[in-house]
Each structure stands twice: as structure tokens, then as C-alpha cells.
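Peer 1: Generate coordinates for the sequence data below:
(chains A and B)
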2 protein chains.
Amino acid sequence: MRVYTFGNGAAEGHARMVDVLGGKGAGLAGMALLGVPVPPGFTIPVEVCAAFHTTGALPDPLWAEILRGIKHIEDLRGERFGDADRPLLVSVRSGAAVSMPGMMDTVLDVGLNSATRAGLAQRMSRPRSALDSHRRFIEMYAEVALELDPELLAEVRDEHLELLGLRDVAQLDEAGLAGLLAAWERRLAEEGAVLPTAPLDQLRGAIEGVLRSWNSRRAVRFRREHGIPDEPGTAVTVQCMVFGNLGADSATGVAFTRDPNTGDPTLFGEFLPDAQGEDVVSGAYTPEPLTALAARQPAAYAEIEQIARTLEEALGAVQDLEFTIERGRVWMLQTRSAQQSARAEVRTAVEMAEAGLITQDQALSRVRPERLTRLLHPSVDVADRRRVVARGLPASPGAVTGRVVFDPDEVVRRATAGEAVILVRVETSTEDMDAIRVATGVLTSRGGMTSHAALVARGLGRTCVTGCADVVVDERGQVIKAQGGRLTIEAGAWITLDGGTGEVILGRAATTPAAPPATYGTLMDWADQRRRLAIMASADNGTEAREAFAQGADGVGLCRTEHMFLGPDRLALVRELVFAFGEAARRRVLERILPVQREDFASLLAVTGARPVAIRLLDIPLHEIVPESPEDVERLASRLNAPVGTIQQRITRLRANNPLLGHRGCRLGLTFPEVYAVQIRALFEAVLAAEVPPAVQVVVPLLSCGEELRRLRRRVDHMVRTVAAERGAPVPAYTLGAMVETPRACLVAGELAEAADFFLFGANDLTRATFLLARDDASRFLPFYLEHDVLPADPFVALDEAGVGELIRLAIARGRAVRPDLRCGLSGAQTGAPATVAFCHRVGMDFLTCPMHRVPVARLAAAQAAVLGDLEGTA
Amino acid sequence: MRVYTFGNGAAEGHARMVDVLGGKGAGLAGMALLGVPVPPGFTIPVEVCAAFHTTGALPDPLWAEILRGIKHIEDLRGERFGDADRPLLVSVRSGAAVSMPGMMDTVLDVGLNSATRAGLAQRMSRPRSALDSHRRFIEMYAEVALELDPELLAEVRDEHLELLGLRDVAQLDEAGLAGLLAAWERRLAEEGAVLPTAPLDQLRGAIEGVLRSWNSRRAVRFRREHGIPDEPGTAVTVQCMVFGNLGADSATGVAFTRDPNTGDPTLFGEFLPDAQGEDVVSGAYTPEPLTALAARQPAAYAEIEQIARTLEEALGAVQDLEFTIERGRVWMLQTRSAQQSARAEVRTAVEMAEAGLITQDQALSRVRPERLTRLLHPSVDVADRRRVVARGLPASPGAVTGRVVFDPDEVVRRATAGEAVILVRVETSTEDMDAIRVATGVLTSRGGMTSHAALVARGLGRTCVTGCADVVVDERGQVIKAQGGRLTIEAGAWITLDGGTGEVILGRAATTPAAPPATYGTLMDWADQRRRLAIMASADNGTEAREAFAQGADGVGLCRTEHMFLGPDRLALVRELVFAFGEAARRRVLERILPVQREDFASLLAVTGARPVAIRLLDIPLHEIVPESPEDVERLASRLNAPVGTIQQRITRLRANNPLLGHRGCRLGLTFPEVYAVQIRALFEAVLAAEVPPAVQVVVPLLSCGEELRRLRRRVDHMVRTVAAERGAPVPAYTLGAMVETPRACLVAGELAEAADFFLFGANDLTRATFLLARDDASRFLPFYLEHDVLPADPFVALDEAGVGELIRLAIARGRAVRPDLRCGLSGAQTGAPATVAFCHRVGMDFLTCPMHRVPVARLAAAQAAVLGDLEGTA
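Peer 2: Numbers count the residues shown, from 1 in each chain, chains lettered A, B, ... in the order given. Just a heads-up that it's a prediction; the model follows:
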């Protein structure tokens, strides 16, 4: 076991030893090697932490190393630990490989006792500052090393201040501070607590305390919440103290190598003259912008600017720095990669690549795809996120504010009158279409990313949060209950929705408009050149397709023809189709549907042009189509010339069934052949009438065996030839794809591949089937599962690779064994998750079909997957 | 291409050439080789059929072979084709490898024209008989070879009879027959139809006609219905005609080598003296029992008896024979394996094995497992099956007759008054418990083998047919509509149910009581020694367990604890549990449940003793537990001290969800830990109180990842230790099994195997998930799928091997890779299907758990699988 010293242009470790030295230690070693002035010190490596927690003590051989480290500091600093004239003081800080800001403890000013304090006062020429340092040391040491309740010293302090009629320790003069220290000494003695005076004893206590803080309750909770493993632990860095509070030529501050909000490539930050580091974050003083430092201490500012450039070049990323100026001399205390806004992240990545600081591949990997959403849609300002009261699914992006209204009719009335209203429902149905159309936003407590509300809202570009299981929507009681019932939101209250994050915020929050930086286009061009996966969008009509292409989609990967029927006028037709008795009645309805469908397809094909467009044959979600109101039931009965009782019986039966498990998709298509016949006729009549020959793909839903597809392929072929012959036109080219969305389809993929030109995996149904779990029902136990690590992630948000992914891998292998050129792609809400995009790349898919507004995310994620694949030599 | 001659103790083929010669041809060759007297003839092999249907004509090289065959007959018979003095007549019959009785055509008396008829009359000494033979020939030839509508000749015949004032051709004298033939000749000439007179022309026409009949509409339909492939086709046998109608020393008849009803090992059959073969089946004459032949023609009878013994010994199976006695000489026309009653099948198999005619393995393979049900439960007599009006699922065996009643209250009233009533419902719910209890039988149009009605009826031993999608039950209209609405069965009408076959019969059908023969026990002992699979039964209480052991089950393979709550008193408790708000309320309900559950377990363990008994933790079918009536809702609300509105809201929510996909099984167990805690406590308190230490297995339902099982295993372990400690008893042994019933569980079987002692695959849920299909919904399209060969079988009746079976194979492999000694078994309604039992054996399972009344079927099927496995060298 050893320690790693650094300082004076040399270091025993280096910047890439993050796993050994922690982030802080590795950063200091790196800076030292680059010749950046850092206060000398040494780092106790991460491995010591586990050893310490096993035995409860520092390993003996380590102590000699620590003494070596202290000697190293003493030599470089020309001060000595415990020396009354030139006393050395050190800081003892934690530093894990993964940043856990503020979660672990720190002890500053180790080495102070009454003797060394006098020497320090002398050197500082400020006796009060030395006393104040001693006060901080005692406070920190008592809590961290002695594990005393901070209240113990706080009580004494508050009594002391009260006696003097003061409010804050900053107001204490020299005598007041000395009195406080004396009062503390008495109190500690009463408690039987011994605060060591020998500096080496102090050092040992501080190191052990910092190591202990790795397992403090708040640190453990933080790791749980952020998915950070408990092993291996934290490193400890012991470093010479430097002082920014020694006069007008001293200061302390933080700096970013570029503006973290805008990405502007100039030094950005703030500082406090004549102050110590913790004063900057304490909030007790108002720091000044760094530009003021340039005026006040131009040499120091220039040095910091130079250091920033050096570090950014060497580390290849924007840095977040801490510095102290001690009597005109600059010391860098920390460097780490900066947290940036989405805007800045994109701009910086592109500009650094263009400047040759990083490669294009590195630039692509720097930007988190998820964050593009923030750039491309309005979002709620960071400050206002504090008022988030619930989180649902980010069903349709945007940030909107409005009044809570539960009744759809009221929404229509008030919205038409110009009010901003948010429609709040348990879930929506086709009856709510008008309300969704005019509402400012939509919030539902149930339903997934592909629920009715989500689909309609996305189609209309309306901001929407669905499946918000954190709240209970009481439509009758006209109230939302949140935070386990502790918070009640009445009808008429203002709320804000962020459809990009799924957040629900109380009140009228400030929002930032969509504003991608100029460099966004460059980055996405690079991504498009780099990615191997084609990124297609779901789009159910021409308007959506146009928007999808604007987002950079390569084509329409899924047009769900059933969604063409969600409008109230169309809905009546589909209801009649579902409830029609007998083939003849169905045919009559279908005759009315034919021209409508043809027109739908024609307007879609006019937008897609020569781009690929995949049309999925009808897969009616029967339960969404059943009429709710008595008037609708009566209207339907009269249209079909059937008794209301019969219709009612039928409705009860449809409801009682398992809408997701039954007579759907191709099962319906095979048993009621006239339905698909009309669809295919409408489609190919539109194809033959199109100006540009379309690249049409027909997709067959809900397959579970090869014979289903073989039969339907024959029927499609036959209808296409029939339509072409009627028009005297050559038979148009098209391809036929299998929707692989039942586990059985995966297992018999070889059979399917014989009749399919491509596979489109349906992640929603596959997930449902693989888990035997519907999205809505999942909300009742999935939060528990995720919190307790029973499952690593919500399988409806990111594809479950161990289960669903395994079926997909198997299906690709079996399909390509039969047809080596079989194209494979994935659809479903999960395709918007970068991890799922990476999965698609890894398993050799050719494309994916994602929700329209996730297209940019998927494009970038696909490029990152390609970069990573090349790095790992797997793709 | 060649033909295969036979006759006079020699044959060019042999008995095992069924694929070449068809069943009839192979039987004749076999008999000839055994020295049994068969009229000489030859067989045109099966391969000719495909060639004929390709070109539409007989292949040329074949004709020479046919002539060789005719020569062979002529030589042996001493007659000549077309000879006016000693004319040879032949029959031309079809004969496929698989029997298709009555489906294809036959032409008799080929070779007759006016010239040969005179010679025949001479030889017969009966001019009328010769004319009658000519009449039959013309009738058959016109239809089969000339493809004329039979009505053409029938019209002429009826006019002719009417002129003579007669009703039947049998009443025509010589002149009358001659007149009919002349009238036919005129009619055929008018039609331009030419009936060839040259015998060889007749022969060619007859052979081609018989080959054509392979593709007749009724033959094709029969093959569809019986799953017989269209290839390769039928053989054709041309055989010398012999005559049983030449006087008192002639006869024709059929014989079984043993009584096909009882299995009694004596010759059994009937005959007609002085008659031709077709007269026996025509129904115009009443045949006499064979015993009469023994008296009348003792020598011939003795010869037939000897032939029967020879054939049975040589072929190792009971034979169904056709014979003709021509002037004292016995000719055998056909031999084939006999169709026997279930009783006879069992008795014959055992007695033949005991007599050394066949091996025990052969005896086991002879009995169709499915048929044991007929022996062990009352069944509807074969004759009355003709009135079958619908078929449902054989949910609970037995045969009962009663009046149709739709209203459960009326069922209770009338049944209590002593009437036999059948409860007829769309499906039953817990509210119908009392009615099911007192009804004679239960019929539902929906619901599977594990629906509420099926479970309750089986538990009570009540005959039940479920999922009868052939009928529409109109509960309001008090009427059953069957046969597509053409048949209406009113309330109060008599119907008969066969719960062993699923048949619904109109009226009061005769039933046969359960009566296994004495040899049944022997056969089942052999089966138990032979099988490798353990056969466990589902049993939810002591009564069912006792019955299961009586059926020969090796143990209780699944006790579904949720079924313990189906009684009305218990139901109230479970409802309170489901609807209880908060943990405290749930705990109060659970405290009342604890003693009840403990008592349930104690009475079950008292029956199971040291036999294995697998207890599955609660998997509440929420949708079955929701209260229906307003009174029940109010009662529940008052018990829980909650507003009725709140309960109603909850009910609506539970109904709206997907009951099969949600918060069920271990998901509920993990999030509401107190539920399983009470169950496990109750179980192990009962275990510690049991007299014999029970072999308890705890089964965890609806797993989808390893962590679920690991957590629950810890909880079970902890509770078992707690209970033992409380009692001061040693910790009882138990094993823990994983219910593998989601596709994901199959895919992550390795993870599960780390925490599981055994896997119990759940075929019901696995099928549902693999197809994304619920049993009830399947009835709307599965019939179409089965009829059109989209799927080979109903996956809810026999396990789908290509899909579900593939997942199971994968899971066994992955599980055993981690734990090589992992025991695996299958549960679900499908386990009752012999094909599924064979699948379990093949994939290396250790046991299966089947419905109680299917235990004997499974025991025998398991033995057959073992026999087959040894034959194929795979097990």
C-alpha cells in the first residue's frame, strides 16, 4: 500500500488514474504534471477504503507512506507540521471515481492547535483569521472525526452569540472568537470528548473520519438514487492549505473554461476577493464575475486563463476549476469536466472538434442524446424544477402552463374563450378528442407512451404527460391528489407540464423556448454520416410525416392505419365496422371507408415521395373504439339498424375480454378478409395515382405463425395485381414485412422469414407478452421493483435486453438463417431510449422506428453506438 | 411400375407393405401368404394415384401389368374375362394406407355384358341373380366411371317400379329386372353415354373412376377433418368376384376375432345366408349372429374360427374380417385391425400380452389413453351421439341428462325439489357457486378448461362442458341458439352433456355407467412400472387429493391456494383483502385468514401424508373476485367501513385493467409482503402439527426475474425458521419451486435456477403470453385457423410445441446449465393431452401436474412415451 504524491510540476500518479486516485486526486496529479501550480499533497488510493471498512482502522504499512507524503509537502512548502513558527496546515478531502458532490466529509486546517495558531497568526498578519481557521477546524473535526452531533457545538455557539447580542460568527471579533473556542473546549471536556492537539493525531482522525463518511446514510442514499455501486469506495487527498483571505492581493473562485450555459469559448466564473473557498459557496457573500478579476489582478487572471486553455487542450473537455490566489500567487485546487447546458454541450463539442481539440467521434460521444429534446422543444427553467410535484411519462414534448380542468366540455368552452387550460383525466378516450385538440396541455394519471392521449397529443403537437402514477386524479371530486395525498390541487389551479421530462410543476413556471444553437445542424450531419442504423419515424398522416422529415427521419417506419380513424367522423365508421353483423353489413361500411382511406394514403404518399413508407394493416384497439355515452350507443344502433340491447350486449362482451390478447391484427384480417382487402385496394389505388413512385412497405400486425403471413402475402399480391390490371398499369413494386410482436413470432422466425422481406419488431407488445404485463398495471409495482433493484429499468421505457432482447436476438438469428439479407428493425416507445438504440446497433438491426419527436435523439444515439462499436471492435 | 398379385397361398407383396398396397391390398397379400383362402387378385400400388392425377390417365407401362394380373386371376380361377361360358368377374376397390371408410368408390361385377351374363346365369343356376349383378354393375359403373348423376338412373328405376306397382328393386322378378336394364340402356343412349361392353374397357374405366374418387369432394373433406394428408393417394385392388348368393350353402358376413364391445376372446359377428356382401350393410335384411352359422355350416364356421386365430396371432391385433362362403367354400375378402370399445381395447391388450401374443410394451401402446376416460366415467352411448348438437371443452367428465335452466336461483329451487337440471350460462362467477353445487351438470358457452365453472365443477365432481362456442347462450332471452341459429333450445328442454368428450346432445340420451374391466388395473400397473415421468395431480383440498390418489396420482403437483377461497364464506374474506385500504387494514383481514388457511393446509396434509405436495402461493384472479351484485358491494363497503362510491370506483378500475397481465402472483406478494407471510406461516404451522412429516414444496407464481425469487426465498426461509423457533421444533425441510409461466422466466431460467429447487412450467399462462392470446378470445378465430391448417392444433388443448415448447426447451437447458439436478415439470390443462405428455418425456421433464380426472390418461400416455422413446433410442 502506498500514497501518490504530487506538486511542483511532478506527480506519482496521472490524470487517467481515476479508479485509483478518485476524480479529485487524478485531476490534481494531472495538473501537477502539466506544470499547473497546485498546492503540494498526496492521495491515499481508493483500495484503502475497503480495507478500512473491513478492519475499522488504517492499515499499519500505510502510515509510513502517509508520513512520507507529509514530508513531501513540508519539503515543497518549506513549512513543518506542528511547527510553532512556520506551521503546515493541510486539508483532508474525499474523492471517489464517480462524483458525489457534497455527499462526503472534508476536514480543513488540520494541524492547528493553540501553539501553531500563534505561528499562523504571525504569518497571516491577521490574528482573527487564524482564530477563525481554528474555529472551522474544531467544528469540522468534532463532527467528522469525533462523530459528535453538530448540535453540541452549535448550542454553545448560539448561547455565546446571544450573550454578545450578535447573530453570526462573522460578526465576532478576535476576543469573541477566542471566547467561543474556550467555551467549546469546556463543553467538549464535559462530554469527555478529546480533540487531539498533536497534528499527526489530528491527521489520522481526519483521514479515518473522511473514509467513514463513504458509508454515511446520505452518501449511501445518494449512491442508490444514482445507481453508483458501493464498491470500491473513495480515495482521500491530503493537501497543503493555501489562503485566499490574506488581503487585497488574495482571492478564491471558480471558473469554467467555457460558458456552461451558452458554450461561448471564453473563461467564465466568479470569485471573492480576500476570502476562503467555502465562503464562495456559503451564500453569505456575493461573488463578483471573473471579468472583475481581470481588471483587479490582470496577471493572475491571465495565468488562470492560460491554465484553463492548457487543461482543456490536455483533457479534451470543458473544465470546471477551483482556484485560490494567495498573495498574488495562483493555486489550482481542482479540475473536473464541467456540467453544461444542452446548448453549450452541443456547441462546445462541435467547436472543439472543429478546433482539432477532439475528434468528430469524440464530439458525437460528448453530447447526451436525451438532452437534445431540451434544445428542440420549450422546457421548464431549471430553477423552477424545484416545484416538481409529480413525474409521469414524457409523452409529447413542450412546456406549457394552464389551469387544471377535468371536464372535457369545460375545456372546450374555456379554451375556445381563449383561456390556457390543461385537460386532466385518469385517461382519455376518443370522446375527448375535441378537448385535446383545444387544450394547452394534457395530463393523465394512467396510460403509457402509446396510450390514446399520447398518440393524439403527439399527432397534434400538443404537450402531454401520461401515466403519471404519482398523482390520483379524482374526476368526480374535481381534484388531483399528489405526494401521497399530502398535496391537493383543485380544479382551476395553475400547473405547468414539461412534456420532454414528464414533470408536473405546481404554479406557473418559467419556460425556455426551443433554441438549438447553430452548431446543432453540424453535429447532426456528423451523426448521420456516422450511424449505420436508419432512423425512421412513426407517422400516421402527411402532417406527421412532414414533421418527422423536419426532425431528420430517413422515412416513415410505421403508419398505423387504425390511427387514421381516431377523428370523430372517422370513428363512427370504424365503430360501424366493428359492430356490423355479418359480412354483407361489413362490406357496406367498407365501401364507405374505401375512398376515405385512399385519400388518407394519397396525402401521406404526397409527403413521403420516394422515401420508404411502411403501412401497417389495421390492428384496431377494440377497447378504444367502444362507444361510451348512451347517445353514441343509440346513434350506432340506428346506423346499423340493430336493437340498442344487442349493441349493449356486444359492448359488454368486448369490454369483458382482454383487449390486448384477442381477436386483433392479422387474426381479424384473416377471418374478416374484406377488411384488409379494402385497405390494400385503397393503398395501391393511391400508389398508382402518386406522382413519384412510392417505396411502399406493407406490414402485417400480430403474427404468430408462418401460415398467417403466407396467406396474407398471397392476398396482398392478388389485390395489387387486380388493382394494377383495373388501371392498366404495371404492377407496382412493394415489400412485405412481418410485425414480430408476439414471442411465438420470435420463436418461429424462420417460418416467417420465408414469406417476409423484413421484420419489424414491436417492442410494446413483445414487452407486454414477455413479462405478461400491461403498461398501466405495471405502475402498481414497477416503482417498487426499480427502487429495490428487482429490475434494472422500466422495460416500457428502455428495452429489457435480458428478456425481450433475448427473444429479438433469437428471432434475428433464426430469420437470417433462412434469409440472410432479411432487414430487421425495432418499433415501440422504447426506441427513443439511447440504450435501446445502442442495443439495436449491437444486435445487427438495419433500422428503427421511433416516435417522431425522438428522431434527433435516435440519430445521435445511433451514431454513438457506431462509435462505441468501432472502439470495441464489435461492429 | 408394376402390380402385386396374390392368391392361392402366394403373394408378390406382404402384410407390412401398407404404404405401397394400401390397407386392403396389404391385408390380402398377408392373408394369402398365411395360406388363408382369398379370391385371387392384384393390387395397383399407391404411387399410381399421384401419376394418374398428374396426367389424367393410367400410365401406359401399367396396362401390361394389369393384363398380367388379370391373367393371374384367370389361371387361378379357371375362368376367363369376357368368356361367355366361364366368365370371370372382378371387383375394383380403393384402399389407402389410412382407412377412409365409405369415402371412396367401388365397382363390382366388372366383366358383365349381355353375353357373359348368360354364362353367369348358367353357372349360378339362377338367371335372376345374374341380372341383379348386372343391374348393380351398371349402377356403379355409371356413377363411378362415367361420372353420371345417380339421379339419372334412379329416376328411370322409380318410373319403372311405379308402372309395376312395386316399391323396391328386390321385388322385381326376372322379367322386371330385364325391363329395367333395357330402360336404362335407352336412357343412357339418349344421354349419349356409352357403357362399354368389352370387359377390358370396363376394367380401365372402373380403375380410373376409383382413382378419381380419391379427390372427390367428400373424400377431401374427410381427409381435412381427420388430418389425413392429400399425398400419396390410394391403391386399387382388382379381385375375382366370389358369390355368397348361390344357395343355402353360400353366405356372406363379417367377423371380429374377439368381441369388440366386451373383449371376450371368442369369434363375434354376423352373417346373411344366400346373400352378397353389400346386402349385410344395406340394412334391407337382418343378419344372424355368427353362432347360427356354427350350427348351420359347422365346417365353414370352424374354418373361419381357425383363420381368425391365425390372423390374430400373425398380426398381433384383434381383426375385423369380411368373408364370403361360396357353395361351402370359405373366402376371406378383407382383414384389418378392429375398432373396439374402450373396455375391449384394455381387456384385449392385457389378455393378448398375458397370452404372449404381444409384449407388455405393445399392450401399453395399443390402448388409446384418451379412451380411458370413457371407462372411468359414465358416458353417452355411441348410438345417441348422432344427436350431438354442439361440442365444447370436456371440463369435467361424466354423462348427465337434465332440463335447461338459465337462472341460478331457479336451479337451486328446482334441484332442491329433486329435479334434474343443467345450469346453462355464458360463463359462471363466484355468485353461481350454490347453483353449480346442486345442478346435475353445467354448460357454459365461454371459459376454458380452467375457467371458474370448470374448476368448481371438477372440485365437486360435477359433469361440466365449458367454452362451447358452437352455441350462443342468451340468458335474458332464456334460449340457447345452436347450429348457427338454425336450432333453438328453450328453457326447460332436456339436454344431455358428456363431460368426457365435451358433447352436448339434444334430449335424454342413454348413458353407460363407469365400468373399467378387471384388466384395467393390470394395464395401469404395467404403465406405472414403465413410465419415467411422475404424474402429479392438481388438487386444492383434501377431498380432491384423496380422489387424485384414487386415480393413481404420485402426489399433489399443484395446490392453488387461491382456490381455497372460492367458497362464499371465504370469498368475502378475500374480497376484503383485495379491497382493504392500507397495510393495517390488510393485516386485520389477514389475521382472520390465518386460522382458516392453517386448517385448509392441515386437512390437505392429513391426506397427502408423506407424498409430495406442492403449494402455490396466492395468485388471485382479481377479475373473478370482484363483487357483481349491488348487495355484495354494499356488504363489502360496510365491512371495510368505506363509502360505496369508493368501492365502486375500485371495481371499475379493476375491471378496466387487464386481469391477466397485471399486479398478480409474486408481484403482489413482493409489494404486499403480509399476504405471503400469512400463507407461509399458516402452511408451516400446519406442517409442524402434521403426524407424518410432509414433503412440502412451495411454488412461487408469475416470476419474471431471478431477484423476485431470491427475495421471496429469503422471506420463506425466514418465516419457516421463525415458526419453528416459536414451536421449539427443528426447522422443517421443504423445497422451493419457480412457476415458469412468463416467457421472460424461460429466457432468464439460469437466474431462476440459482434460487429454485425445481421448475413448474405453467402451460396456460405461457400459451397466453407466447401467442398474446386469451383462451376466451381464441374461440373467435381459432376454429378458422384449425380448419384452414394455419395452426395444427388448439394450443390450449395440446401444448404448442413449435412456440411454447421451444421456450420450455430453452428454459430447461438454461436452468440445468446452472443446476444440473433441476427437476422440471409441466402444469396446465394441456397436460391431459397424450401428445403433450409425450412432449414432456421427450424434453426430459421429471414430472407433470394434470387435472385430477386426467391422471389415468397421463399415466398411460407417459408409459407409451417411454416405450416410443426406447424404440427411437432417444430416452
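Peer 1: dump the residue contacts of the spatially most central residue of chain A.
Peer 2: Closest to where the C-alpha atoms of chain A average out (C-alpha atoms, centre = their mean) is A:E370, at 5.7 Å. Under the criterion of C-beta atoms under 8 Å, 6 or more residues apart in numbering or on different chains, the neighbours of A:E370 are A:P834, A:V857. To be clear about C-beta, it is placed using only N, CA and C from the backbone, and glycine gets the same treatment.
Peer 1: before we move on, what about A:P40?
Peer 2: A:T5, A:F6, A:G7, A:N8, A:H72, A:I73, A:L76, A:R77, A:Q239, A:C240.
Peer 1: how many other residues sit next to the third one?
Peer 2: Applying other C-beta atoms under 10 Å in any protein chain shown, we find 23 other residues in the vicinity of A:G7.
Peer 1: ditto for the second one
Peer 2: Other residues within reach of A:F6 by the criterion other C-beta under 10 Å amount to 30.
Peer 1: Verify the stated contact: it with A:V36.
Peer 2: No - contact criterion C-beta atoms under 8 Å: A:F6 and A:V36 do not qualify, at 10.5 Å.
Peer 1: what about the stretch 651-800 of chain A, any weak spots by pLDDT?
Peer 2: Within the stretch 651-800 of chain A, the segments meeting pLDDT under 70 span A:652-660, A:776.
Peer 1: same thing with chain A?
Peer 2: Low-confidence segments of chain A, defined by pLDDT under 70: A:280-284, A:382-386, A:430, A:449-450, A:459, A:566-568, A:621-624, A:652-660, A:776, A:874-875.
Peer 1: The stretch 701-850 of chain A against chain B: which residues are in contact?
Peer 2: Selection of the stretch 701-850 of chain A residues close to chain B by C-beta under 8 Å from any C-beta of the partner chain yields A:702, A:704-705, A:707-708, A:711, A:741-744, A:747-748, A:765, A:768-774, A:776-778, A:780-781, A:784-785, A:788-791, A:800, A:802-804, A:806-807.
Peer 1: Can you say which of the residues you listed are buried?
Peer 2: Among these, those scoring as buried are A:702, A:704-705, A:707-708, A:711, A:741-744, A:747-748, A:765, A:768-774, A:776-778, A:781, A:785, A:790-791, A:800, A:802-804, A:806-807 (criterion: 16 or more other C-beta atoms under 10 Å in any protein chain shown).
Peer 1: what does the stretch 351-500 of chain A put close to chain B?
Peer 2: Counting by C-beta under 8 Å from any C-beta, the stretch 351-500 of chain A comes close to chain B at A:R476.
Peer 1: any idea which helix or strand carries the residue in the stretch 351-500 of chain A positioned nearest to chain B?
Peer 2: Nearest to chain B in the stretch 351-500 of chain A, going by C-beta to the nearest C-beta, is A:R476, at a distance of 7.9 Å. Following DSSP states H and E, one finds A:R476 outside all helices and strands.
Peer 1: Tell me, how many residues neighbour it?
Peer 2: By the criterion of other C-beta under 10 Å, A:R476 has 8 neighbours.
Peer 1: Next: A:P37.
Peer 2: For A:P37, the neighbour count with other C-beta under 10 Å is 18.
Peer 1: my read: it touches A:L333, true?
Peer 2: No - if you go by C-beta under 8 Å, A:P37 and A:L333 don't touch, sitting 10.4 Å apart.
Peer 1: quick one: A:P39 is in a strand?
Peer 2: No - assessed with DSSP: H, G, I helix; E, B strand; the rest coil, A:P39 is coil; it does not lie in a strand.
Peer 1: quick one: the residue of the stretch 751-875 of chain A found nearest chain B from A:R425, how far?
Peer 2: Residue of the stretch 751-875 of chain A nearest chain B, by C-beta to the nearest C-beta: A:D777 (2.9 Å). Applying C-beta to C-beta, to the nearest Å, the value for A:D777 to A:R425 is 18 Å.
Peer 1: Got a ChimeraX select line for the buried ones in the contacts of A:P40?
Peer 2: Restricted to buried positions by 16+ other C-beta under 10 Å, the ChimeraX selection for the contacts of A:P40 reads:
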select /A:5,6,7,72,73,76,77,239,240
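Peer 1: Let me have the contacts of A:P40 in CSV, extended by secondary structure and distance to A:L376.
Peer 2: Converted to CSV, these look like this (DSSP: H, G, I helix; E, B strand; the rest coil; distance: C-beta to C-beta, whole Å):
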residue, secondary structure, distance to A:L376
A:T5, strand, 48
A:F6, strand, 43
A:G7, strand, 47
A:N8, coil, 49
A:H72, helix, 52
A:I73, helix, 51
A:L76, helix, 51
A:R77, helix, 52
A:Q239, strand, 44
A:C240, strand, 48
